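> sequence plus predicted model, see below.
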Amino acid sequence: MGSQPGGDNMTYSIQQFAKLSGVTPRTLRYYHQLGLVVPQVSANGYRAYTSADADRLQKVLMFSELGFALKDIGTLLDAPAAVQLEALNAQQSVLAEKLDRLAQSQLRLELTRQNLQGDLHMSDAQKFAAFKEAKLAENDEKFGQEVLSKYGAEQKHAADQHFSGLTEAQYAKMQTREAELKVGLLAYLADSQLPSAVAQQVFEAHRDWLKTATPQYSPAMHRGIVQMYLADSRFADYYTKLVGDGRATKALVEIVDHYLSE
């Protein structure tokens, strides 16, 4: 390829572009197939990439690193700059929150390490606070993007703040409700009757758990959350593990839908 140094008019063969970007030729061909980065193609089939392609590839890699799906990245890159900027601003807030949590996690790790070594005694309150922060970090890693897309950054932040402020008594209540939910679901799966006292127990246990865990409970939120359970296998895995039965998530959704429709 006739690549010339300097300026914004560089051209690269696919091998040169792969070396420049750190992206394999195979991936570049895939991006071409998806329409994400489309080079000039000569009559003999050789691809020629430009500096403009380098700029677009950088955005593809960045949005991908931020967790965007490739199909959404293509739509986003073809949108006006203002739309792209809005998406970046939203992600900047998410990253700032994650960095803060990582710093807190690092501090908790050091405190726990010192506690294990006998250099520091952690009070029960400190241990509980550390647990809550660890749980928030775990939930954010697993479900953060889904919650953001469904409820928005403001509601997610409010929910996170609410969880961080839970007292030990409130958390104990959540654990009790989860235990009641497990027992109720096991009984319901043995004899699936709607309505029934067992189904009512399951619904109330799940509702009360959500009321304690979230700052602004509503029936609409309750319904939306259990529908998300069906759409994401990670939730199904959670309830399968909790109850020991692969039918648990579907049963829970059926029960919630029934009592919210009354």
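Everything's here; your move. Note that the structure is a prediction, hence the values are computed from the model and not measured. Numbers count the residues shown, from 1 in each chain.
> mind naming the longest strand for the chain?
In the chain, assigned by DSSP state E, the strand with the most residues is strand 47-50.
> need the pLDDT of Gln58.
pLDDT, Gln58: 93.
> ok, now which ones touch it?
Ser21 (Cβ atoms under 8 Å, 6 or more residues apart in numbering). Bear in mind the C-beta positions are built from the backbone N, C-alpha and C, glycine included.
> secondary structure element for it, which one?
Element membership of Gln58, judged by DSSP states H and E, is helix 51-65.
> next structured bit after that helix?
Helix 51-65 is succeeded, C-terminally, by helix 70-77 (DSSP H and E).
> list the buried residues in that next one.
For helix 70-77, the neighbour count (16 or more other Cβ atoms under 10 Å) marks 73-74, 76-77 as buried.
> and the direction of the helix holding Gln58 versus that of helix 70-77, what angle?
Angle between the axes of helix 51-65 and helix 70-77 is 130 degrees (criterion: axes from the mean of the first three to the mean of the last three Cα atoms, to 10 degrees).
> just the buried positions in helix 51-65, please.
53-54, 56-57, 59-61, 63.
> can you lay out those residues as JSON lines showing distance to Leu20?
Converted to JSON lines, these look like this (distance: Cβ to Cβ, whole Å):
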{"residue": "Asp53", "distance to Leu20": "10"}
{"residue": "Ala54", "distance to Leu20": "7"}
{"residue": "Arg56", "distance to Leu20": "13"}
{"residue": "Leu57", "distance to Leu20": "9"}
{"residue": "Lys59", "distance to Leu20": "15"}
{"residue": "Val60", "distance to Leu20": "14"}
{"residue": "Leu61", "distance to Leu20": "12"}
{"residue": "Phe63", "distance to Leu20": "19"}
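> run a quick neighbour tally on Asp208.
17 (other Cβ atoms under 10 Å).
> now do Gln15
12.
> then Leu181?
Neighbour tally, Leu181, other Cβ under 10 Å: 23.
> again, but for Ala220
9.
> measure it to Glu204 for me?
18 Å (Cβ to Cβ, to the nearest Å).
> got the phi/psi numbers for Tyr46?
Main-chain dihedrals, Tyr46, degrees, to the nearest 10: phi -80, psi 140.
> check contacts around it.
Counting by Cβ under 8 Å, 6+ apart, the residues that Tyr46 touches are 13-14.
> would you quantify the distance from it to Asp72?
For Tyr46 relative to Asp72 (Cβ to Cβ), the value is 30 Å.
> re the thing from before, please identify which of the buried residues of helix 51-65 is nearest to Ile14.
Comparing these against Ile14 with Cβ to Cβ picks out Asp53 as the nearest, at 10.6 Å.
> so that closest one touches Leu36, yeah?
No: if you go by Cβ atoms under 8 Å, Asp53 and Leu36 don't touch, sitting 10.1 Å apart.
> helices along the chain, start to end?
All helices of the chain, identified by DSSP state H, fall at 14-21, 25-34, 51-65, 70-77, 81-117, 124-164, 168-190, 197-213, 219-231, 233-243, 248-260.
> what angle sits between the first one and helix 51-65?
Which is helix 14-21. 50 degrees.
> quick check: mean pLDDT of helix 14-21?
Rounded mean pLDDT across helix 14-21 is 93.
> check which residues of it are buried.
The neighbour-count criterion (16+ other Cβ under 10 Å) identifies 14, 17-18, 21 as the buried residues of helix 14-21.
> swap in the last one?
Within helix 248-260, the residues that count as buried by 16+ other Cβ under 10 Å are 248-249, 251-256, 259.
> now, which of these sits nearest Val198?
Each of the buried residues of helix 248-260 was checked against Val198 using Cβ to Cβ; the closest is Ile255, at 9.1 Å.
> partner strands of the longest strand of the chain, with direction?
Next to strand 47-50 in the sheet, as set by DSSP bridges, lie strand 11-12 (antiparallel), strand 40-41 (antiparallel).
> okay if I get the buried residues of helix 248-260 as TSV plus pLDDT and distance to Tyr30?
Formatted as TSV, the buried residues of helix 248-260 follow (pLDDT from 0 to 100; distance: Cβ to Cβ, whole Å):
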residue	pLDDT	distance to Tyr30
Ala248	92	38
Thr249	92	34
Ala251	94	41
Leu252	95	39
Val253	93	37
Glu254	94	41
Ile255	96	44
Val256	95	41
Tyr259	95	47
